[in-house]
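# Provide a 3D model corresponding to the input given below.
(2 chains, ligands or ions: 1)
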Amino acid sequence: MNELDQLYQQVILDHSKRRIGSPLVENTEGLLHGESHQHNPICGDQIRVRVELNDQDHFESMSWEGDGCSISMASASVLSEMLPEMTKEEFLDKLEIFREMMRSKGTFEPDEEVLEDAAAFVGVSKFPARVKCAMLAWVAAEAAMFGANK
Amino acid sequence: METMTGQPEANVSLSAVEVQRIKADFEILEHQVNGTDVVYLDSGATSQKPRCVYEAEQHYYENANAAVHRGAHTLAVEATEIYEEARETVAKFIGARTNELVWTSNATEALNLISYSISNASLGRGGDAAARFRIGPGDEILTTEIEHHANLIPWQELAFRTGATLRYVPVSEDGSLRYDLIDELVTEKTKLVAFTHVSNVLGTITDTQRFVDAARKVGALTVLDGCQSVPHLPVDVKALDVDFMAFSGHKMLGPTGIGALYGREELLNAMPPFLTGGSMITVVDMEHAEFLPSPQRFEAGTQRIAQTHGLATAVSYLQEIGMDRIAQWEEHLGAMLFDGLSQIEGVRVFGPSDARRIGTVPFEVIGVHPHDVGQYLDSRGIAVRVGHHCAQPLHRALGVTATTRASTYLYNTEDDIQALLDALGSVREYFGV
Ligand SMILES: Cc1ncc(COP(=O)(O)O)c(C=O)c1O
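As a prediction, the model looks like this:
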């Protein structure tokens, strides 16, 4: 696979079109809700992410609305699929692994058991200018989680 | 075509052979990107530099480096000479007198210089001589919807600081300026009109006369953003009849870190300074200071000497080729771009089809985000700009958040354009659209 094909793996192109979790959904009664709006000022990509958590600190859902490149949109879609039932701690652990992968300049060997479809983003780490695109939804989900309340 | 003296005729476009020869002066264009020769179509952001420009900088550091306008030793004298000769060369290039050219780091600083000098005048600095620069509540500043942020935000901020109101000339759906509204928008309240000579997004050339005539009628100052015109077209500030013009060296084959502000002599000499400190004064006591006339008044602190020398070398290089010939070549490339892009299925070109333009064309590949288009092109060695190109309001007016922009310069060949057109033919297929 050449570098471009590693960047745009089929999983990513598919998710960029399926956009799981988009558009935003209304808040469910009784859950904790958090929302975050993140911008990438360099290219104008933007995303609004909403997360819902239950009283046991488990994610119930992530929904989002955004405008951006295939990498940023696919990343949001993948995360929306992964997040339900995860605990806060599990999410923060995976975020750390994802971040490490993004900083690896292509040397990281992702564990698909842990990162699921997000492992496909390993190719992005060879393109420093695109790392922000892949991180956007994760950063938004993290901010939304920390701001969540009833 | 050659004349009897062997000189190419002035009014004839560069030939493909000459462009190849020019291209050979640019070391970087021989670089390989992703396994192919780089096709550089991002000169609107910054131009590449010919060897002579950085060799001139090196020569300066090896032979004449010293602080200018300070000290009597030989090196200081030589450095000062180089610095002032550069000013003369660049001033002549735009049809200005030598003392009408103020060095700045770039166009952004030049535009902020005017904005802050006007603020200072509005606070009473500069006394009666600077009265014509004072603005306040009830006064208006006029700009346009196509401006680069550098020719918008300094005026927004000036309005906030002084209480004046900022207004703008909007665009039509296709991005062309609503010239028909200028006479309505320029009134007795208008104190300053700031507009671009060439749009950095659309590549379209502004009918500057419309703005200048309206401003003159009410005695408003005119500020021209020459960032995208001075590198690509013959520009004569006296013929344009504007009061100020800002431009950047790095977009016209020069080094980064150097740009200039043109201002009419009588205006610059009446305007209070923006940055203050060393090298811009005559007499200083503990309470106050007297300022030098222009241009020194606006050049506080140790200056960018190697960069001015590099820029003057770039200007001589351009002059030797001839700006009218460069402009014709780029008009040809621009038309090839505009027509070629318009004919690709699934590609939408922005901007009016009947306007005069330089070799700058923005477009979108329907269904593929500009960032992805740029990445795909990069994999084939083609460098273009993607994003809002520091003109968010214009993009909003065009109904998009981002575009892909191809922009040429004198070293671009027809093959470069063809490489872009060929690559774009397969983008949608790659992304499964
Ligand atoms: C039309 C226009 N104005 C102003 C600027 C700002 O130039 P600089 O960043 O060199 O100050 C640019 C460059 O991007 C431009 O294209």
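
# what does the stretch 51-200 of chain B put close to the ligand?
With CB under 6 Å from any ligand atom as the criterion, the stretch 51-200 of chain B meets the ligand at residues B:106, B:107, B:108, B:148, B:150, B:151, B:196, B:200. The C-beta positions use only the backbone N, C-alpha and C, and glycine is treated the same way.

# want to throw those residues into a markdown table with neighbour count and pLDDT?
Compiled in a markdown table, those are given as follows (neighbours: other CB atoms under 10 Å in any protein chain shown; pLDDT from 0 to 100):
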| residue | neighbour count | pLDDT |
| --- | --- | --- |
| B:106 | 21 | 98 |
| B:107 | 26 | 98 |
| B:108 | 20 | 98 |
| B:148 | 21 | 98 |
| B:150 | 22 | 98 |
| B:151 | 25 | 98 |
| B:196 | 29 | 98 |
| B:200 | 27 | 98 |
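
# tell me which stretches of chain A form strands.
Taking DSSP state E as the criterion, chain A carries its strands at A:32-40, A:45-53, A:59-67.

# reformat those strands as CSV; add distance to residue B:365 and mean pLDDT.
Below are the strands of chain A laid out as CSV (distance: least, CB to CB, whole Å; pLDDT from 0 to 100):
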stretch, distance to residue B:365, mean pLDDT
strand A:32-40, 20, 95
strand A:45-53, 17, 95
strand A:59-67, 16, 96
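
# and of those, who's closest to chain B?
When the strands of chain A are compared by CB to the nearest CB, strand A:59-67 sits nearest chain B, at 6.0 Å.

# does chain B have contacts with that closest one?
Yes. Using CB under 8 Å from any CB of the partner chain, strand A:59-67 reaches chain B at residue A:67.

# in that strand, what's buried?
Across strand A:59-67, burial judged by 16 or more other CB atoms under 10 Å in any protein chain shown covers A:59, A:60, A:61, A:62, A:63, A:64, A:65, A:66.

# so which elements touch that strand?
Under the contact criterion of 3 or more CB pairs under 8 Å, 6 or more residues apart in numbering or on different chains; DSSP states H and E, strand A:59-67 touches strand A:45-53, helix A:70-82, helix A:128-146.

# what sits up against that strand?
Strand A:59-67 is contacted by residues A:21-25, A:28, A:31, A:44-54, A:72-73, A:76, A:79-80, A:83-88, A:91, A:136-137, A:140-141, A:145, B:401 when judged by CB atoms under 8 Å, 6 or more residues apart in numbering or on different chains.

# return the distance of residue B:272 relative to residue B:281.
Plainly put, residue B:272 is 13 Å away from residue B:281 if you go by CB to CB, to the nearest Å.

# need the overlap of contacts for the two.
With CB under 8 Å, 6+ apart, residue B:272 and residue B:281 have common neighbours residue B:291.

# export stretch A:86-103 as PDB, just CAs?
The C-alpha coordinates for stretch A:86-103 follow below in PDB (Å, rounded to 0.1, in the frame of the first residue of the first chain):
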ATOM      1  CA  MET A  86     -17.400   2.400  27.600                       C
ATOM      2  CA  THR A  87     -16.500   3.800  31.000                       C
ATOM      3  CA  LYS A  88     -14.900   7.200  31.400                       C
ATOM      4  CA  GLU A  89     -11.600   5.500  32.300                       C
ATOM      5  CA  GLU A  90     -11.700   3.200  29.300                       C
ATOM      6  CA  PHE A  91     -12.300   6.100  27.100                       C
ATOM      7  CA  LEU A  92      -9.400   8.100  28.600                       C
ATOM      8  CA  ASP A  93      -7.100   5.100  28.200                       C
ATOM      9  CA  LYS A  94      -8.100   4.600  24.500                       C
ATOM     10  CA  LEU A  95      -7.700   8.400  23.900                       C
ATOM     11  CA  GLU A  96      -4.200   8.100  25.300                       C
ATOM     12  CA  ILE A  97      -3.400   5.200  23.000                       C
ATOM     13  CA  PHE A  98      -4.900   6.900  20.000                       C
ATOM     14  CA  ARG A  99      -2.900  10.100  20.800                       C
ATOM     15  CA  GLU A 100       0.300   8.000  21.100                       C
ATOM     16  CA  MET A 101      -0.500   6.400  17.700                       C
ATOM     17  CA  MET A 102      -1.100   9.900  16.100                       C
ATOM     18  CA  ARG A 103       2.300  11.100  17.400                       C
END
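
# using CSV, please lay out the strands of chain A together with distance to residue B:407.
Output for the strands of chain A, formatted as CSV (distance: least, CB to CB, whole Å):
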stretch, distance to residue B:407
strand A:32-40, 23
strand A:45-53, 22
strand A:59-67, 24
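
# can you check which of the ones you listed gets nearest to the ligand?
Within the strands of chain A, the stretch nearest the ligand is strand A:32-40; the backing value is 19.0 Å (CB to the nearest ligand atom).

# and the contacts of the closest one?
Strand A:32-40 is contacted by residues A:27, A:45-55, A:68, A:72, A:132-133, A:136, A:139-150 when judged by CB under 8 Å, 6+ apart.

# which among the residues you listed count as buried?
Using 16+ other CB under 10 Å as the burial test, the contacts of strand A:32-40 include A:45-53, A:68, A:72, A:132-133, A:136, A:139-145, A:148 as buried.

# what's the spacing between residue B:263 and the ligand?
Using CB to the nearest ligand atom, to the nearest Å, residue B:263 is found at 17 Å from the ligand.

# pLDDT wise, what is that residue at?
With respect to pLDDT, residue B:263 scores 98.

# what of residue B:23?
Looking at residue B:23, the pLDDT reads 97.

# could you do residue A:4 as well?
Value listed for residue A:4 in the pLDDT field: 94.

# now residue B:4
43.

# kindly report the same for the one 5 residues further on.
What the model reports for residue B:9 is a pLDDT of 55.

# distance of residue A:55 relative to residue A:148?
Residue A:55 sits 11 Å away from residue A:148, going by CB to CB.

# ok so, going back, any chance of the helices and strands packed on strand A:59-67 in TSV with distance to residue B:311 as columns?
Below are the helices and strands packed on strand A:59-67 laid out as TSV (distance: least, CB to CB, whole Å):
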stretch	distance to residue B:311
strand A:45-53	35
helix A:70-82	39
helix A:128-146	29
